[in-house]
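Chemist: I would like to see how this sequence folds:
(one chain, ligands or ions: 1)
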Amino acid sequence: MEIIIVKDYKELSKKASNIIASQMILNPRSVLGLATGSTPIGTYKELVRMNKEDIIDFSNIMTFNLDEYHGLDKYNNQSYFYFMENNLFSYVNIDSQNINIPDGKAENIDHECKSYEEKIKNAGGIDLQLLGIGRNGHIGFNEPDVKFEAFTHLVELDEDTIKANSRFFDSIEDVPTKAISMGIKTIMHSKKILLLASGEEKAKTVYDMVYGKITPELPASVLQLHPDVTIIVDEAAGSMIK
Ligand code: F6R
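Modeler: This next block holds a predicted model:
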(Lines give C-alpha, C1' and ligand atoms only; values in the text may rest on other atoms or scores of the structure.)
Protein backbone atom coordinates (compact mmCIF):
# COMPACT_ATOMS: atom_id res chain seq x y z
CA MET A 1 0.00 0.00 0.00
CA GLU A 2 1.26 3.43 -0.84
CA ILE A 3 -0.12 6.00 1.57
CA ILE A 4 -0.15 9.67 0.68
CA ILE A 5 -1.14 12.15 3.36
CA VAL A 6 -2.08 15.57 2.04
CA LYS A 7 -3.06 18.76 3.83
CA ASP A 8 -6.75 18.99 3.07
CA TYR A 9 -9.63 17.96 0.83
CA LYS A 10 -8.53 20.32 -1.95
CA GLU A 11 -5.07 18.75 -2.11
CA LEU A 12 -6.62 15.27 -1.94
CA SER A 13 -8.84 16.04 -4.94
CA LYS A 14 -5.89 17.44 -6.92
CA LYS A 15 -3.65 14.47 -6.18
CA ALA A 16 -6.38 11.91 -6.96
CA SER A 17 -7.35 13.58 -10.22
CA ASN A 18 -3.70 13.71 -11.28
CA ILE A 19 -3.36 9.97 -10.75
CA ILE A 20 -6.54 9.30 -12.75
CA ALA A 21 -5.45 11.73 -15.46
CA SER A 22 -2.08 10.05 -15.83
CA GLN A 23 -3.81 6.67 -16.17
CA MET A 24 -6.00 8.17 -18.94
CA ILE A 25 -3.06 9.77 -20.73
CA LEU A 26 -0.95 6.60 -20.60
CA ASN A 27 -3.89 4.54 -21.84
CA PRO A 28 -6.64 6.57 -23.55
CA ARG A 29 -8.77 3.39 -23.68
CA SER A 30 -8.59 2.86 -19.93
CA VAL A 31 -11.38 1.15 -18.06
CA LEU A 32 -12.10 3.18 -14.91
CA GLY A 33 -14.02 1.96 -11.88
CA LEU A 34 -15.83 4.91 -10.27
CA ALA A 35 -17.38 5.71 -6.92
CA THR A 36 -20.08 8.08 -5.71
CA GLY A 37 -20.44 9.74 -2.29
CA SER A 38 -19.04 13.04 -1.02
CA THR A 39 -15.36 12.15 -1.20
CA PRO A 40 -14.78 11.96 -4.98
CA ILE A 41 -16.79 15.09 -5.85
CA GLY A 42 -13.70 17.35 -5.77
CA THR A 43 -11.75 14.81 -7.83
CA TYR A 44 -14.50 14.79 -10.47
CA LYS A 45 -14.47 18.61 -10.55
CA GLU A 46 -10.74 18.52 -11.29
CA LEU A 47 -11.24 15.90 -14.03
CA VAL A 48 -13.93 18.10 -15.61
CA ARG A 49 -11.52 21.05 -15.56
CA MET A 50 -8.73 18.99 -17.15
CA ASN A 51 -11.12 17.73 -19.82
CA LYS A 52 -12.20 21.32 -20.61
CA GLU A 53 -8.56 22.32 -20.86
CA ASP A 54 -7.91 19.42 -23.28
CA ILE A 55 -5.47 17.76 -20.90
CA ILE A 56 -7.52 14.57 -20.76
CA ASP A 57 -9.87 12.93 -23.24
CA PHE A 58 -12.80 10.72 -22.22
CA SER A 59 -13.87 9.72 -25.74
CA ASN A 60 -12.45 6.20 -25.50
CA ILE A 61 -12.64 5.77 -21.74
CA MET A 62 -15.00 3.13 -20.39
CA THR A 63 -16.41 3.37 -16.86
CA PHE A 64 -18.00 0.97 -14.39
CA ASN A 65 -19.54 2.32 -11.22
CA LEU A 66 -19.23 0.40 -7.99
CA ASP A 67 -22.86 0.40 -7.05
CA GLU A 68 -26.44 1.59 -7.41
CA TYR A 69 -29.38 1.72 -5.02
CA HIS A 70 -31.89 -1.06 -5.51
CA GLY A 71 -35.33 0.10 -6.58
CA LEU A 72 -34.33 3.56 -7.77
CA ASP A 73 -34.92 4.51 -11.36
CA LYS A 74 -31.82 5.97 -12.98
CA TYR A 75 -33.66 9.29 -13.47
CA ASN A 76 -34.45 9.52 -9.76
CA ASN A 77 -32.34 12.39 -8.41
CA GLN A 78 -31.02 10.16 -5.61
CA SER A 79 -29.76 7.47 -7.94
CA TYR A 80 -26.05 7.02 -8.45
CA PHE A 81 -26.64 7.29 -12.19
CA TYR A 82 -28.02 10.78 -11.58
CA PHE A 83 -25.10 11.59 -9.27
CA MET A 84 -22.55 10.58 -11.92
CA GLU A 85 -24.35 12.56 -14.63
CA ASN A 86 -24.38 15.62 -12.43
CA ASN A 87 -20.87 15.41 -11.07
CA LEU A 88 -18.94 14.11 -14.06
CA PHE A 89 -20.48 12.55 -17.14
CA SER A 90 -22.56 15.43 -18.46
CA TYR A 91 -19.54 17.76 -18.29
CA VAL A 92 -16.98 15.62 -20.13
CA ASN A 93 -16.72 14.11 -23.61
CA ILE A 94 -17.50 10.55 -22.55
CA ASP A 95 -19.46 8.34 -24.94
CA SER A 96 -22.68 7.38 -23.11
CA GLN A 97 -22.32 3.86 -24.57
CA ASN A 98 -19.18 3.48 -22.47
CA ILE A 99 -20.86 4.26 -19.14
CA ASN A 100 -21.86 1.30 -17.00
CA ILE A 101 -23.81 1.47 -13.74
CA PRO A 102 -25.85 -1.42 -12.31
CA ASP A 103 -29.56 -1.07 -13.06
CA GLY A 104 -31.28 -0.65 -9.71
CA LYS A 105 -34.64 -1.36 -11.31
CA ALA A 106 -33.63 -4.55 -13.10
CA GLU A 107 -36.40 -7.15 -12.95
CA ASN A 108 -33.98 -10.00 -12.63
CA ILE A 109 -31.32 -8.89 -10.16
CA ASP A 110 -29.32 -12.10 -10.45
CA HIS A 111 -29.09 -11.71 -14.18
CA GLU A 112 -28.18 -8.02 -13.80
CA CYS A 113 -25.33 -8.88 -11.41
CA LYS A 114 -23.98 -11.64 -13.65
CA SER A 115 -24.15 -9.55 -16.79
CA TYR A 116 -22.38 -6.66 -14.99
CA GLU A 117 -19.50 -8.99 -14.20
CA GLU A 118 -19.49 -10.23 -17.81
CA LYS A 119 -19.31 -6.67 -19.12
CA ILE A 120 -16.31 -5.90 -16.89
CA LYS A 121 -14.60 -9.06 -18.07
CA ASN A 122 -15.32 -8.32 -21.73
CA ALA A 123 -13.90 -4.83 -21.30
CA GLY A 124 -10.62 -6.44 -20.23
CA GLY A 125 -11.06 -5.75 -16.51
CA ILE A 126 -10.79 -2.51 -14.57
CA ASP A 127 -7.49 -0.67 -14.97
CA LEU A 128 -8.00 1.76 -12.11
CA GLN A 129 -10.70 1.50 -9.45
CA LEU A 130 -11.52 4.60 -7.42
CA LEU A 131 -12.88 3.91 -3.92
CA GLY A 132 -14.19 5.81 -0.94
CA ILE A 133 -14.57 4.13 2.43
CA GLY A 134 -17.57 3.96 4.75
CA ARG A 135 -17.17 4.67 8.47
CA ASN A 136 -17.83 0.98 9.04
CA GLY A 137 -15.05 0.04 6.60
CA HIS A 138 -17.26 -0.77 3.64
CA ILE A 139 -15.93 -0.44 0.10
CA GLY A 140 -18.52 -0.30 -2.62
CA PHE A 141 -21.49 -1.44 -0.57
CA ASN A 142 -19.71 -4.47 0.83
CA GLU A 143 -20.81 -4.13 4.41
CA PRO A 144 -19.09 -5.74 7.41
CA ASP A 145 -19.93 -9.44 7.36
CA VAL A 146 -18.67 -12.84 8.30
CA LYS A 147 -17.44 -13.50 4.77
CA PHE A 148 -16.14 -11.49 1.83
CA GLU A 149 -18.86 -11.24 -0.86
CA ALA A 150 -17.27 -12.31 -4.09
CA PHE A 151 -18.87 -10.77 -7.16
CA THR A 152 -21.52 -8.18 -7.99
CA HIS A 153 -24.50 -8.91 -5.77
CA LEU A 154 -27.54 -7.51 -3.99
CA VAL A 155 -26.64 -6.03 -0.60
CA GLU A 156 -28.65 -5.17 2.50
CA LEU A 157 -27.33 -1.82 3.67
CA ASP A 158 -26.16 -1.46 7.25
CA GLU A 159 -27.96 0.86 9.60
CA ASP A 160 -24.81 2.96 9.88
CA THR A 161 -24.65 3.33 6.08
CA ILE A 162 -28.35 4.21 5.85
CA LYS A 163 -27.84 6.82 8.56
CA ALA A 164 -24.73 8.25 6.87
CA ASN A 165 -26.43 8.42 3.47
CA SER A 166 -29.64 9.92 4.81
CA ARG A 167 -27.94 13.34 4.56
CA PHE A 168 -28.69 13.23 0.82
CA PHE A 169 -32.40 12.37 1.30
CA ASP A 170 -35.42 14.27 2.72
CA SER A 171 -35.79 11.70 5.47
CA ILE A 172 -34.10 8.51 6.62
CA GLU A 173 -37.18 6.51 5.55
CA ASP A 174 -36.48 7.49 1.94
CA VAL A 175 -33.02 5.86 1.92
CA PRO A 176 -33.17 2.54 0.03
CA THR A 177 -32.26 -0.41 2.23
CA LYS A 178 -30.65 -2.41 -0.56
CA ALA A 179 -28.13 -1.83 -3.32
CA ILE A 180 -26.42 -3.67 -6.14
CA SER A 181 -22.68 -3.59 -5.55
CA MET A 182 -19.51 -4.94 -7.06
CA GLY A 183 -18.18 -7.61 -4.71
CA ILE A 184 -14.80 -7.75 -3.01
CA LYS A 185 -13.51 -10.09 -5.69
CA THR A 186 -14.62 -7.69 -8.44
CA ILE A 187 -12.76 -4.87 -6.68
CA MET A 188 -9.69 -7.00 -5.94
CA HIS A 189 -9.43 -7.97 -9.63
CA SER A 190 -8.83 -4.31 -10.57
CA LYS A 191 -5.29 -3.75 -11.74
CA LYS A 192 -4.87 -0.63 -9.61
CA ILE A 193 -6.87 0.75 -6.72
CA LEU A 194 -7.03 4.35 -5.54
CA LEU A 195 -8.83 4.88 -2.23
CA LEU A 196 -9.67 8.32 -0.88
CA ALA A 197 -10.65 9.30 2.64
CA SER A 198 -11.28 12.73 4.08
CA GLY A 199 -12.25 13.99 7.52
CA GLU A 200 -11.70 13.00 11.12
CA GLU A 201 -14.68 10.62 11.23
CA LYS A 202 -12.73 8.28 8.90
CA ALA A 203 -9.47 8.33 10.93
CA LYS A 204 -10.05 5.16 12.98
CA THR A 205 -11.41 3.24 9.96
CA VAL A 206 -8.36 4.25 7.91
CA TYR A 207 -6.07 3.10 10.71
CA ASP A 208 -7.84 -0.28 10.93
CA MET A 209 -7.80 -0.69 7.15
CA VAL A 210 -4.04 -0.17 7.00
CA TYR A 211 -2.83 -1.78 10.24
CA GLY A 212 -5.72 -3.92 11.44
CA LYS A 213 -6.51 -7.57 10.96
CA ILE A 214 -7.65 -8.62 7.50
CA THR A 215 -11.26 -9.50 8.15
CA PRO A 216 -14.67 -9.29 6.42
CA GLU A 217 -15.72 -7.39 9.54
CA LEU A 218 -13.75 -4.49 8.09
CA PRO A 219 -14.11 -5.09 4.34
CA ALA A 220 -11.49 -2.49 3.32
CA SER A 221 -8.82 -4.43 5.25
CA VAL A 222 -8.71 -6.87 2.31
CA LEU A 223 -6.90 -4.16 0.35
CA GLN A 224 -3.76 -5.00 2.34
CA LEU A 225 -3.55 -8.04 0.04
CA HIS A 226 -3.81 -6.13 -3.24
CA PRO A 227 -0.49 -5.54 -5.04
CA ASP A 228 -1.18 -1.99 -6.26
CA VAL A 229 -3.17 0.20 -3.87
CA THR A 230 -2.70 3.92 -3.33
CA ILE A 231 -4.47 5.55 -0.44
CA ILE A 232 -4.81 9.31 -0.30
CA VAL A 233 -5.98 10.81 2.96
CA ASP A 234 -6.13 14.34 4.24
CA GLU A 235 -4.51 15.16 7.57
CA ALA A 236 -7.77 14.61 9.46
CA ALA A 237 -8.44 11.13 8.02
CA GLY A 238 -4.75 10.27 8.32
CA SER A 239 -4.36 11.53 11.89
CA MET A 240 -4.00 8.02 13.38
CA ILE A 241 -1.54 6.66 10.81
CA LYS A 242 0.95 9.53 10.84
C1 F6R B 1 -20.00 4.89 -3.27
C2 F6R B 1 -19.59 3.78 -2.44
C3 F6R B 1 -19.35 3.93 -0.97
C4 F6R B 1 -18.72 5.27 -0.57
C5 F6R B 1 -18.57 5.35 0.94
C6 F6R B 1 -17.99 6.65 1.41
O7 F6R B 1 -20.17 4.50 -4.62
O8 F6R B 1 -19.50 2.70 -2.93
O9 F6R B 1 -18.51 2.87 -0.56
O10 F6R B 1 -17.48 5.40 -1.19
O11 F6R B 1 -19.82 5.16 1.55
O12 F6R B 1 -18.90 7.68 1.13
P13 F6R B 1 -18.52 9.21 1.36
O14 F6R B 1 -17.50 9.55 0.32
O15 F6R B 1 -19.81 9.95 1.11
O16 F6R B 1 -18.02 9.33 2.74
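Chemist: Show me what from the chain comes close to the ligand.
Modeler: Residues of the chain lying close to the ligand by C-beta under 6 Å from any ligand atom are 35-39, 66-67, 132-134, 138-141. C-betas here are computed from N, CA, C, even on glycine.
Chemist: Counting only strands, which of those residues make the cut?
Modeler: Residues of the residues of the chain next to the ligand located in strands (DSSP state E): residue 67.
Chemist: Give the full set of residues in contact with residue 144.
Modeler: Residues near residue 144 by C-beta atoms under 8 Å, 6 or more residues apart in numbering: 136, 137, 138, 158, 216, 217, 218, 219.
Chemist: which phi and psi does it have?
Modeler: Taking degrees, to the nearest 10, you get phi -50, psi 130 for the backbone angles of residue 144.
Chemist: any idea how far it lies from the ligand?
Modeler: 12 Å (C-beta to the nearest ligand atom, to the nearest Å).
Chemist: what sits against residue 65?
Modeler: By C-beta under 8 Å, 6+ apart, the neighbours of residue 65 are 33, 34, 35, 36, 80, 81, 84, 100, 101, 102.
Chemist: What's the local residue count around the residue of the chain found nearest the ligand?
Modeler: At 2.5 Å from the ligand, residue 132 is the closest residue in the chain, using C-beta to the nearest ligand atom. The number of residues packed near residue 132 is 20, by other C-beta atoms under 10 Å.
Chemist: List only buried entries from the contacts of residue 65.
Modeler: Listed as buried from the contacts of residue 65 are 33, 34, 35, 36, 80, 81, 84, 100, 101, 102; burial here means 16 or more other C-beta atoms under 10 Å.
Chemist: Would you check how far apart the last one and residue 47 are?
Modeler: Here the distance between residue 102 and residue 47 works out to 22 Å (C-beta to C-beta, to the nearest Å).
Chemist: Just the buried subset of the contacts of residue 144, written out for ChimeraX, thanks.
Modeler: Selection of buried members from the contacts of residue 144 for ChimeraX, criterion 16+ other C-beta under 10 Å:
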select :136,137,138,158,216,218,219
